[in-house]
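Asks: Structure, please.
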Amino acid sequence: MEILHVSAECYPVAKAGGLADVVGALPKYQNELGHYSKVVMPMHKTAFLHQHTWDLIHKGYFDLDGETTRYTIIKEKTNVLGFELYCVDVFGLLDREKIYGYADDNIRFLVFQRAVTDWLMHWESLPDVVHVHDYHAGLIPFFMKHGFDYQRLNKIKTVLTVHNAQYQGWMNWSNTKYFPVWDNWKAGLLEWNNQINPLASAVKCVDRVTTVSESYMKALFHQANGLEHLFAYESKKCLGIINGIDFKVWNPQTDDKIIFNYSEKNIAIGKQNNKENLCAQFGFDPSLPLIIFIGRLVGEKAADLLPESIRQALTKYPAQFNFLVLGNGESHIESELSHLQLNGYGYFNTQIAFNETLSHQMYAGADFLLMPSRVEPCGLNQLYALRYGTMPIVRRTGGLKDTVTDIGDKDGFGICFEQASVKDIVDSIGRAIHLYQNTSAMLSFRKKMMHINHSWENSAEKYIKIYQTIS
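Replies: Numbering: from 1, shown residues only. Here you go, the predicted structure:
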């Protein structure tokens, strides 16, 4: 089968979160299964763009509110990612450094989708499936099926993956002036709550809807930022598939970002050497358990609870653990964590940044990873942690519930709690400290974690089966 993935981000080209990791791995594994999977994304001005060579493969144009908008499609020459990578350039709109965060984001992604749809019209042989990811590509199925100029595309099967339903790309009806000519009788396929809602439109228009874990799919029927009834109505075409991780990138035996490579056979010395290096960087005592948090400092991740939770834990368990935070996000959370660092007495430190290399070193050197998320559709960090023998401490929600079992349960290997609250976080830190003191148990859990297979192979096969059922 030939599959085109459409996404706003893709690792390592441009990354803001887990969406990039999925789009950077799933097509590669689909190709290894014998299919022809490729990715198209905006041409963000990142280091990857300048470090690789590109072929110009198409120039096109379309009408945008009475003006001609020109776009360019470039292709990475060497297929270094394990799949064909295409980038869309529209001068002044898509050629920017950041993926998100501009006042005109809705227009930027609308133009991106127009360009992708127009480019598809010029393919000699059309793909079997167009797989769109989140709202940034959510209007493409509507354009393909109901745009008058795109009728050649209306038989292509479409799949939507919802990575995070909190973000839906709402826009007012005046933005239809940027749409291709379309059948006004189909306005209901665009609308939700009196606005154009690209995510809702995709749910209505595609042949299948997937989410990144089974529990998150069930949760969307009750908590989907206003789309609960829509997901329930479309439930027959919805299913959850847990994300995988790229075992070639996330492999402690070969990872060139960590100081000391290791496997299950030498995990004790491997973890210790990486931990000592990490602790030396941040002024920690390596004999104490090291707990980490990696991720966006936003309410969705319950990062707002971190300062008070760490403060109370340091008071309740003085000089018994170290805590390291890596991430950026909401300014008030960043400020509180930076202030706490000044009063952490050598047991707390933080890096307000996104640092891919440091994140690998933290997974390799830490003993525990905290994920207290309020919302976690799948979560990849806990899967990375397991791969490196680092025990996840997670709230039971979404994909965290599907992938981590508490050590108190049969075949457990993690620490789980119920509420996104300071009390539950502090109590879980206490459990981690107590467990760490049992060296033999820790070693046994680490080996068990490293045995768990969360590679993309199984999940990639499930997606292929979905494509086959709709073709």
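Asks: Can I get the one helix or strand P27 maps to in PDB? Just the C-alpha atoms.
Replies: Secondary structure assigned from DSSP states H and E places P27 in helix 18-32. Provided in PDB are the C-alpha atoms of helix 18-32 (Å, rounded to 0.1, in the frame of the first residue of the first chain):
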ATOM      1  CA  GLY A  18       5.100  13.300  21.000                       C
ATOM      2  CA  LEU A  19       3.400  13.900  17.600                       C
ATOM      3  CA  ALA A  20       6.800  14.400  16.000                       C
ATOM      4  CA  ASP A  21       8.100  11.200  17.500                       C
ATOM      5  CA  VAL A  22       5.100   9.200  16.100                       C
ATOM      6  CA  VAL A  23       5.300  10.700  12.600                       C
ATOM      7  CA  GLY A  24       9.100  10.200  12.600                       C
ATOM      8  CA  ALA A  25       8.900   6.500  13.400                       C
ATOM      9  CA  LEU A  26       5.600   5.000  12.200                       C
ATOM     10  CA  PRO A  27       6.200   5.500   8.400                       C
ATOM     11  CA  LYS A  28       9.700   3.900   8.700                       C
ATOM     12  CA  TYR A  29       8.200   0.800  10.400                       C
ATOM     13  CA  GLN A  30       5.400   0.600   7.800                       C
ATOM     14  CA  ASN A  31       8.100   0.600   5.100                       C
ATOM     15  CA  GLU A  32       9.900  -2.200   6.800                       C
END
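Asks: so after whatever helix or strand L383 lives in, what's the next helix or strand?
Replies: Element membership of L383, judged by DSSP H and E, is helix 381-387. As assigned by DSSP H and E, the chain's next helix or strand after helix 381-387 is strand 391-395.
Asks: Show the average pLDDT along the following helix or strand past that next one.
Replies: Proceeding N to C from strand 391-395, the next assigned helix or strand is helix 398-403, under DSSP H and E. For helix 398-403, mean pLDDT is 95.
Asks: Quick one: mean pLDDT for the helix or strand just after helix 398-403?
Replies: Counting by DSSP H and E, the next helix or strand C-terminal to helix 398-403 is strand 415-417. What strand 415-417 shows for mean pLDDT is 98.
Asks: Against V13, how distant is the residue lying farthest from the centre of the chain?
Replies: Ranked by distance from the centre of the chain (CA atoms, centre = their mean), the top residue is G66, with 36.6 Å. Going from G66 to V13 by CB to CB, to the nearest Å gives 33 Å. From N, CA and C alone the C-beta is placed, and that goes for glycine too.
Asks: same question, Q320
Replies: Taken as CB to CB, the span from Q320 to V13 is 42 Å.
Asks: When these two are compared, which one has more neighbours?
Replies: Between Q320 and V13, counted using other CB atoms under 10 Å, the more crowded position is V13 (25 against 17).
Asks: For the more buried one, give its distance to L314.
Replies: 39 Å.
Asks: Could you tell me which residues make contact with R96?
Replies: H44, K45, Y102 (CB atoms under 8 Å, 6 or more residues apart in numbering).
Asks: Quick one: neighbours of the closest residue to the first one other than its chain neighbours, just the number.
Replies: Put plainly, it is H44. Nearest non-adjacent residue to H44, counting by CB to CB, 6 or more residues apart in numbering: A14, 4.3 Å away. The tally of other residues near A14 (other CB under 10 Å) stands at 24.
Asks: Is it correct that A14 is in contact with A47?
Replies: No - look at A14 against A47 with CB atoms under 8 Å: they stay out of range, at 9.5 Å.
Asks: so what's Y102 up against?
Replies: By CB under 8 Å, 6+ apart, the neighbours of Y102 are R96, R108.
Asks: now do H44
Replies: So H44 contacts E9, V13, A14, C87, L94, D95, R96, E97, K98, I99 (CB under 8 Å, 6+ apart).
Asks: tell me the secondary structure for it?
Replies: What DSSP: H, G, I helix; E, B strand; the rest coil gives for H44 is coil.
Asks: confidence score at it?
Replies: 97.
Asks: Once you drop chain neighbours, what's closest to S421?
Replies: L305 (7.1 Å).
Asks: A helix includes that neighbour, no?
Replies: Yes - assessed with three-state DSSP, L305 lies in a helix.
Asks: Tell me the pLDDT of it.
Replies: 98.
Asks: tally of neighbours for it?
Replies: The number of residues near L305, taken as other CB under 10 Å, comes to 20.
Asks: Surely it and P372 touch.
Replies: Yes - with contact defined as CB under 8 Å, L305 counts as touching P372 (6.1 Å).
Asks: and for these two, which residues touch both?
Replies: Joint contacts of L305 and P372 (CB under 8 Å, 6+ apart) are A420, I425.
Asks: in a strand, that's where K59 is, yeah?
Replies: Yes - applying three-state DSSP, one finds K59 inside a strand.
Asks: what number of residues lie near the closest residue to it other than its chain neighbours?
Replies: Nearest residue to K59 in three dimensions, chain neighbours excluded: T72, at 5.5 Å (CB to CB, 6+ apart). When neighbours are counted by other CB under 10 Å, T72 registers 19.
Asks: what's the helix or strand for T72?
Replies: Going by DSSP H and E, T72 is in strand 67-76.
Asks: strands paired with that strand, and their directions?
Replies: Strand 67-76 pairs in its sheet with strand 54-64 (antiparallel), strand 84-89 (antiparallel), by DSSP bridges.
Asks: what comes up buried for that strand?
Replies: T69, Y71, T72, I73, I74, K75, E76 (16 or more other CB atoms under 10 Å).
Asks: quick revisit: closest one to K38 among the strands paired with strand 67-76?
Replies: Of all these, it is strand 84-89 that lies closest to K38, at 3.9 Å by CB to CB.
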